[in-house]
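>>> Let me see the structure of the following:
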Amino acid sequence: MLKSKTFMKKTRSGGVMKIVREHYLRDDIWCGSEICTECKQESPVLQRDPSIESNLCSYPHYVIPDTNVVLHQIDVLEDPVIRNVIILQTVLQEVRHRSAPVYKRLKDIIHEQEKHFYTFTNEHHRETFIEREPGESANDRNDRAIRVAAKWYGQHLEKAESEADALKVVLLTNDLGNKQKAEESSLLVYRCEEYIKSLIGNPELVDRLALSNDDKHDITSSKVLFPEHLPLSRIQAGIKSGTFLQGTFRASRDNYLEATVFVQGEGEDSTEVLIQGLQNLNRAVYQDVVAVQLYPRNQWLAPSSVMLQDEGAAKDDNEEDKEEEDEEKSVTEAARKPTGKVVGIIKRNWRPFCGMLNLSQIKESTRHLFTPADRRIPRIRIETRQAATLAGQRIMVAIDGWPKHSRYPNGHFVRSLGNAGDKETEQMVLLLEHDVPHQAFSQAVLSSLPKMPWAITPEDMVRREDLRHLSVCSVDPPGCTDIDDALHCRELDNGNVEVGVHIADVSHFIRPCNAMDKEAANRGTTVYLCGKRIDMVPELLSSNLCSLRSNVERLAFSCIWEMNHKAEIIKTRFTKTVINSKASLTYAEAQMRIDDTTKNDDITKSLRGLNKLAKVLKRQRIEKGALTLSSLEVRFHIDSETHDPIDLQTKELMETNSMVEEFMLLANISVAQKIYDEFPDCAMLRKHPAPPPSNYDILLKAAKSKDVEIHTDSAKALADSLDMARVDGFPYFNTLLRILATRCMMQAVYFCSGMDTDFHHYGLASAIYTHFTSPIRRYADIIVHRLLAVAIEADSTYPDLMDKQKQSALSTNLNYRHKMSQYAQRASVAFHTQLFFKSRGILNEEGFVLFVRKNAIIVLIPKFGLEGTVFFDAKHKATPKLVFDEEISGVSVPAPVVEPQAKKPKLDR
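Numbers count the residues shown, from 1 in each chain. As a prediction, the model looks like this:
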């Protein structure tokens, strides 16, 4: 049966277009139940005996949730207890339009066979499709469609076998109007909360319920703590008129009463608005998109020098707020930042948060505070009846809302992750907190892998250069199995040198737009944790077929230069190749070969040639203004049985580290220029923006404290002044400055050349740059390989590769994944460092003060790469009288005035 709808639409050019929409209705859409004999279905989903026990519904039943139940109670629906659920097409479409994350989670549940969730396409069934009535809103029409489908199901199942005449359908809705109309139609209908609370033997499910608006009022005080958020219509009008600014809310890790709002301007312009005080923060949560109103310039403040952690006092904290504002009035005009207040929320970016439960001091209380692992997230008040069990566990909690009467947001328990301190639990926490995709690869992805045994075919050889005879070798950290790159160097007959960088040809195995390509694009990067690696591509590729291991033939993408002995490039060429690496060396092994004068084999000669040229290349880069910065990296020695760290040391850099780095940089620059010349609108490049002058404040203050002058006018000026920065008797001072300089830098980012004009890489002092050399562990490199292959006519193109909008969107995801990967790796190092010290008692080591705050110092212990905060005001101890110097961020303790005392007579002995 066909229904059609015709209407006229006005086009942008002013014309009129006739639109005809056809809607097909069918009789052969089955109900999905095992008890049904009327429907001719091959594999029904809904079970004959839905075994869920309820005090409200003592009979076997299926459940139909409405749209709002799915949107707000997805955590409950994911629980293994909830089975035999009918998801109507109306609900699925509404969820898809309103929340992409919930829609994905719902689709995942539907695909789990053991959950028995059935999708019924009621919008195309002749007996359940309904037309929208005149004057009826879309929402009311959809609610009616859900009721009609629920009624049809009830009547349809009644016709089934007599033995199953007790099986019924229960509609779940939290909409009072919808519930009332369902009851008038004689439907079995309950509020989601009352149904879940009626389930027998599953009390933990109640904790997973998101709070309804009625519940939210129960656990808040009557006192208004925060200003009302403005409605979206006023916010939009204010942004248009310039009264308000729209930006991303970034809470401070160090002070819970402070945040900044990042406002993106035209092009590269951006502003950061400082927000101080609970009322001005006005219930915004980290990463929310908010509207802010700027204060007049005479009310602008400087960022606080105090470190404050929320100790959980359920009050307005106005005292601290005012105290801080008074302190800030003495700061210089230059230190003041644009300051404002949050007036409304444009978009919430809430997610489930990991953390620990702080038990209420009130006995038998079911309301407790949850402390997230991320200090930028406020504490969350939840209601749970299993607090005693959850104490000492890492749990996940979701925020339901933040009323203006409540000091903290309200939320609900999602699930337990395991005992705090347990290695597996803590690893899961850091993967979830940093949004690292870590699920096993799906069957669709694995089916894209080449069939084993795999070998290079004659067809492969036809399109490639055979370089198997060359003395190619790889140099990597110890234990590396995903070897992306290999090198060779040989003398030419004309007196010049040929240098080759050979990169794993991953794009040969991962073809555009297949399941593996989509998964790799989403993951973006391999994440290296201590003792664990979360691969971007399946292990068959990462550690085997793509890895350039020694003494096996491998496909490569090679960048080959002809150079003179001054490392000046005479000729560059790019080609797909077949190589056979003669040695897989560690940095230490390669260094020993270079230094051992008794060795003169081809590999050693190649390494010496590479090392000699690398030193020239590095000198040339530094002369151009490339920065040599510093960050502490530690390496753990892990016990093979317990997997606990048994030793910890800072990584030593050798000449061979620098040797490999120089040629990887050179290959990346050469490839960047080539793909940009060929594809000026869609080349994937990488840039490193110059930091704004204010970023250098911490570096300049640190240098000033030792009467050292640092120039930051350009990268070259900074590099030169860092080289000159020395303090007698303090050899580590220069390294500390370089560590601070690293923290002043902006994040390097991927971008599409057609969407930007500034390509410069500040840290490398290079006019253009990209990533080509690590396609096993970075998806950006795969895109660059594809562009380069098209440029040299070694492969064909495809639409998405030449679409600058899609390339730009891909770059955004890659930048996010890369940043989160770095944070996850640091968190893993921090956790393993804690494990290392757990059984070692008190150690005495040299430490350096990195930063000084009014009430704390941040100390660095170089030997262990450890950084921590030491507060001056410890509990139950008198705080010393401190004088804080704002100009150099220094603190001093005045010498106590000692009154002269009369001499005491000595005792006669």
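
>>> Tell me the spacing between the residue lying closest to K159 once chain neighbours are set aside and L157.
Nearest residue to K159 in three dimensions, chain neighbours excluded: E38, at 6.2 Å (CB to CB, 6 or more residues apart in numbering). The C-beta positions use only the backbone N, C-alpha and C, and glycine is treated the same way. Relative to L157, E38 is positioned 10 Å away (CB to CB, to the nearest Å).

>>> When these two are compared, which one has more neighbours?
L157 (22 against 12; other CB atoms under 10 Å).

>>> so that one sits right up against K168, yeah?
Yes. With contacts counted by CB atoms under 8 Å, L157 reaches K168, the gap being 7.5 Å.

>>> how about the residue nearest to K159, phi and psi?
Dihedral pair for E38: phi -80, psi -40, per degrees, to the nearest 10.

>>> Could you do K706 as well?
Dihedral angles (degrees, to the nearest 10) for K706: phi -120, psi 20.

>>> you'd agree it is up against F733?
Yes. Using CB under 8 Å, K706 is in contact with F733, at 6.5 Å.

>>> who's more crowded, these two?
The neighbour comparison of K706 against F733 (other CB under 10 Å) goes to F733, with 18 against 14.

>>> show me where pLDDT drops low in this structure?
1-7, 161-165, 212-222, 266-269, 312-334, 630, 632-643, 646-651, 874-882, 884-909 (pLDDT under 70).

>>> Just say helix, strand or coil for the closest residue to Y587 other than its chain neighbours.
Distances taken as CB to CB, 6+ apart put T656 closest to Y587, at 4.5 Å, once the chain neighbours are dropped. Here T656 is helix, with the state taken from DSSP: H, G, I helix; E, B strand; the rest coil.

>>> Run a quick neighbour tally on T656.
Neighbours of T656 (other CB under 10 Å): 23.

>>> show me what contacts it?
By CB atoms under 8 Å, 6 or more residues apart in numbering, the contact list for T656 reads V475, Y587, A588, A590, Q591, I594, L607, N611.

>>> among those residues, which ones are buried?
The neighbour-count test (16 or more other CB atoms under 10 Å) marks V475, Y587, A590, Q591, I594, L607, N611 as buried among the contacts of T656.

>>> Can you show me the helices along the stretch 351-500 of the chain?
387-390, 423-433, 443-446, 458-462 (DSSP state H, counting those that start in this stretch).

>>> Single out the most deeply packed of those.
helix 423-433 (a mean of 19; mean count of other CB atoms under 10 Å).

>>> Packing partners of that one?
Other elements packing on helix 423-433 under the criterion 3 or more CB pairs under 8 Å, 6 or more residues apart in numbering; DSSP states H and E are strand 353-358, strand 393-401, strand 410-419, helix 804-838.

>>> Now do the last one: which elements does it pack against?
So that's helix 804-838. helix 423-433, helix 515-523, strand 527-529, strand 634-638, strand 645-650, strand 684-687, strand 749-752, helix 779-791.

>>> Among those, single out whichever gets nearest to T11.
Shortest separation from T11 across the helices and strands packed on helix 804-838 is recorded for strand 749-752, at 30.5 Å, computed as CB to CB.

>>> Next, the residues that contact the closest one from outside, please.
Residues contacting strand 749-752 (CB under 8 Å, 6+ apart): 681-689, 771, 780, 804, 807-808, 811, 814-815, 818.

>>> how about 6 Å then?
Residues outside strand 749-752 that contact it (CB atoms under 6 Å, 6 or more residues apart in numbering): R686, A780, K804, Q807, S808, S811, L814, N815.

>>> Leaving out chain neighbours, which residue sits closest to F509?
Closest to F509 by CB to CB, 6+ apart is L541, at 5.7 Å.

>>> dump the residue contacts of P44.
Listed by CB under 6 Å, 6+ apart, the contact set of P44 reads G32, S33, E34.

>>> If you rank the residues you listed by neighbours, which is first?
Most crowded among the contacts of P44, counting by other CB under 10 Å, is S33 at 27 neighbours.

>>> and the residue nearest to that one when sequence neighbours are not counted, how many neighbours does it have?
Residue nearest to S33 in three dimensions, not counting chain neighbours: L46, with 4.3 Å by CB to CB, 6+ apart. Neighbour count for L46, taken as other CB under 10 Å: 23.

>>> and L46, what does it touch?
Counting by CB under 6 Å, 6+ apart, L46 has contacts G32, S33, Y62, N84, H116, Y118.

>>> now the helices: where do they sit in the stretch 501-650 of the chain?
Counting by DSSP H, counting those that start in this stretch, the helices of the stretch 501-650 of the chain are 515-523, 539-540, 587-595, 602-624.

>>> I'd like the next helix or strand past the host helix or strand of L171.
Counting by DSSP states H and E, the element that carries L171 is strand 168-172. Tracing the chain C-terminally past strand 168-172 and defining elements by DSSP H and E, one meets helix 176-184 next.

>>> May I see the buried residues of that following helix?
N178, K179, K181, A182.

>>> and for that helix, what are the contacting residues?
Residues from elsewhere that reach helix 176-184 (CB under 6 Å, 6+ apart): D143, R147, L171, T173, V189.

>>> Can you tell me the SS state at the last one?
When classified by three-state DSSP, V189 comes out as strand.

>>> For V727, which residues are in contact?
K706, F733.

>>> Please give the element, helix or strand, for it.
Using DSSP H and E, no helix or strand contains V727.

>>> Quick check on it: phi, psi?
Per degrees, to the nearest 10, the backbone of V727 is at phi -130, psi 130.

>>> Pull up the gap between it and A444, please.
Distance from V727 to A444, by CB to CB: 60 Å.

>>> what does L88 give?
Taken as CB to CB, the spacing of L88 relative to A444 amounts to 27 Å.

>>> what do you get for H368?
42 Å.
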